[in-house]
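**Student:** give me a model of this one.
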Amino acid sequence: MIYLALLIALLAVMTWYLEFKAYSIPVLYYHHVEPADPITPEVFEAQMKYLLSKGYNSISLSLLYEFISGRGTVPRKSFVLTFDDGFYCNYHYLLPILKKYNLKATVFVVSGVRRQISSPGYREDARGYPSRMGTNNNASGRFAAWNELKLMTESGLVQVEDHSLFHDSIYISDRIEGFNTGVELDWPVWGDKRSGTVRYKTGSYLTHRNFTGDYKLNDYLTNIVKSSNLDPSDPKTMDMLKKAYRNYRTRNPVKFIYESEDGYRNRCREDIEKSKRLITEHTGANPAFFCFPWGQYNKTLLQILKKLGYNGAITTDKGANVKGGDPYRIKRFKVYRSNIRWFKRYFFLHRSRILVTLYKTLYGWF
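**Tutor:** Sure, this is the predicted structure:
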């Protein structure tokens with residue numbers, strides 16, 4: 001019995017340390033807050049009212065960085081709000097709610113694809129995916145203009161931070177994913193996208209060397225589609241292109257080209273330098289945090305961010321944000337359901353260091 005009592009006491013001490021001494025700060029991850037989205041302004045406001053009613057504090061990403069890096073403390077019952085891409089709804093619907101409840105938030109902007117001021121009746125659309133992001137099938141793909149982002153920054157409630165210059169995809173290997181049909185994918189992809197050309201495996205343009213398919217092969221496949229007046233979206237056309245691809249490969253050497261390591265590193269550095277400069281020029285604030293497109297990152301990208309003076313980086317990784325953690329791998333959980341009971345459960349899960357660590361370990365097993 002004495003050993004059982006000692007074991008229980010040890011577990012109690014460990015639980016106290018992990019949950020109260022080394023507590024985790026949840027970082028919530030949104031895109032849209034608007035009537036056409038599952039997260040409507042009313043849903044978002046209800047979520048915030050719930051957290052505030054339970055005594056939670058909305059803190060800035062900068063304060064979270066101070067906490068994680070061991071330079072400061074924050075109340076145990078704290079949370080951080082983040083919004084990716086910088087959509088117009090963040091200005092039109094989100095900002096009034098932030099002002100109403102004095103909430104802090106960070107908006108990560110794709111800096112190379114927005115205008116200074118949106119003229120009446122016109123607004124810059126999200127490149128390649130006006131509404132096709134996750135469950136947001138009816139959500140607007142319109143970006144906030146720079147002047148609107150500046151107003152958000154000047155409110156004192158919003159940090160405008162970096163989400164890359166273009167947030168593009170690139171071909172990353174010769175693994176075939178299909179053939180292009182002439183229809184734009186969910187987000188722009190570098191490379192030959194003419195009808196009939198090979199569509200290779202893709203990844204973030206900041207974490208992979210660019211892969212270039214064989215131009216002669218693509219010309220050959222495109223000519224088949226054009227000369228026969230084929231519909232590239234027809235399954236029969238796809239089967240024909242597969243056979244044509246195999247026949248070509250058996251008769252001709254295929255030349256694939258990968259970007260050099262130095263070329264890749266220089267491209268990434270120049271991209272982030274320009275993005276950082278644009279944000280500073282248009283908002284007056286010097287970005288200190290970077291949000292990885294699609295949550296993809298590697299050692300090279302982390303090194304570049306540190307050399308360029310970024311304090312931290314935001315992932316889509318699962319896990320706990322605790323003092324002494326890595327500020328370049330801040331964890332988040334995506335809020336994509338309107339059900340308040342789901343929100344309460346997931347928030348409770350991510351504020352517990354023990355539970356969120358178990359969740360991270362077991363995720364994908366079931």
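**Student:** use CA for all of it now, contacts and neighbours both
**Tutor:** Fine.
**Student:** give the rounded mean pLDDT of the lengthiest strand in the chain.
**Tutor:** In the chain, with assignment by DSSP state E, the single longest strand is strand 169-179. Averaged across strand 169-179, pLDDT comes to 89.
**Student:** residues in contact with it: which ones?
**Tutor:** For strand 169-179, the surrounding residues in contact (Cα atoms under 8 Å, 6 or more residues apart in numbering) are 187-191, 195-205, 208-213, 238, 241, 256.
**Student:** what are the C-alpha coordinates of the longest helix seen in the chain, in CSV please?
**Tutor:** Under DSSP state H, the helix in the chain containing the largest number of residues is helix 261-283. Taking C-alpha atoms only, helix 261-283 is exported to CSV below (Å, rounded to 0.1, in the frame of the first residue of the first chain):
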residue,chain,number,x,y,z
GLU,A,261,20.5,24.5,-53.0
ASP,A,262,22.1,27.9,-53.3
GLY,A,263,19.4,29.0,-55.7
TYR,A,264,16.7,27.8,-53.3
ARG,A,265,18.2,29.5,-50.3
ASN,A,266,18.7,32.8,-52.1
ARG,A,267,15.2,32.7,-53.5
CYS,A,268,13.7,32.2,-50.0
ARG,A,269,15.8,34.9,-48.4
GLU,A,270,14.9,37.4,-51.1
ASP,A,271,11.2,36.5,-50.9
ILE,A,272,11.0,37.0,-47.1
GLU,A,273,13.1,40.2,-47.3
LYS,A,274,10.8,41.7,-49.8
SER,A,275,7.7,40.6,-47.9
LYS,A,276,9.0,42.1,-44.6
ARG,A,277,9.8,45.4,-46.4
LEU,A,278,6.3,45.6,-47.9
ILE,A,279,4.6,45.1,-44.6
THR,A,280,6.8,47.7,-42.9
GLU,A,281,6.3,50.3,-45.7
HIS,A,282,2.5,49.9,-45.8
THR,A,283,1.7,49.4,-42.1
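**Student:** show the average pLDDT along it.
**Tutor:** Helix 261-283 shows a mean pLDDT of 97.
**Student:** who does it touch, helix- and strand-wise?
**Tutor:** Under the contact criterion of 3 or more Cα pairs under 8 Å, 6 or more residues apart in numbering; DSSP states H and E, helix 261-283 touches helix 146-154, strand 158-162, helix 299-307.
**Student:** and the angle from it to strand 158-162?
**Tutor:** 150 degrees (axes from the mean of the first three to the mean of the last three Cα atoms, to 10 degrees).
**Student:** give me the next element, helix or strand, following helix 261-283.
**Tutor:** Note on helix 261-283: by DSSP states H and E, the next helix or strand toward the C-terminus is strand 289-291.
**Student:** could you name the helices and strands sitting against that following strand?
**Tutor:** Partner elements for strand 289-291 (3+ Cα pairs under 8 Å, 6+ apart): strand 158-162, strand 312-314.
**Student:** at 6 Å what do you get?
**Tutor:** strand 312-314 (3 or more Cα pairs under 6 Å, 6 or more residues apart in numbering; DSSP states H and E).
**Student:** can you give me the strands for the chain?
**Tutor:** Under DSSP E, the chain gives strands at 27-30, 57-58, 78-85, 105-109, 158-162, 169-179, 198-204, 211-212, 257-258, 289-291, 312-314, 333-334.
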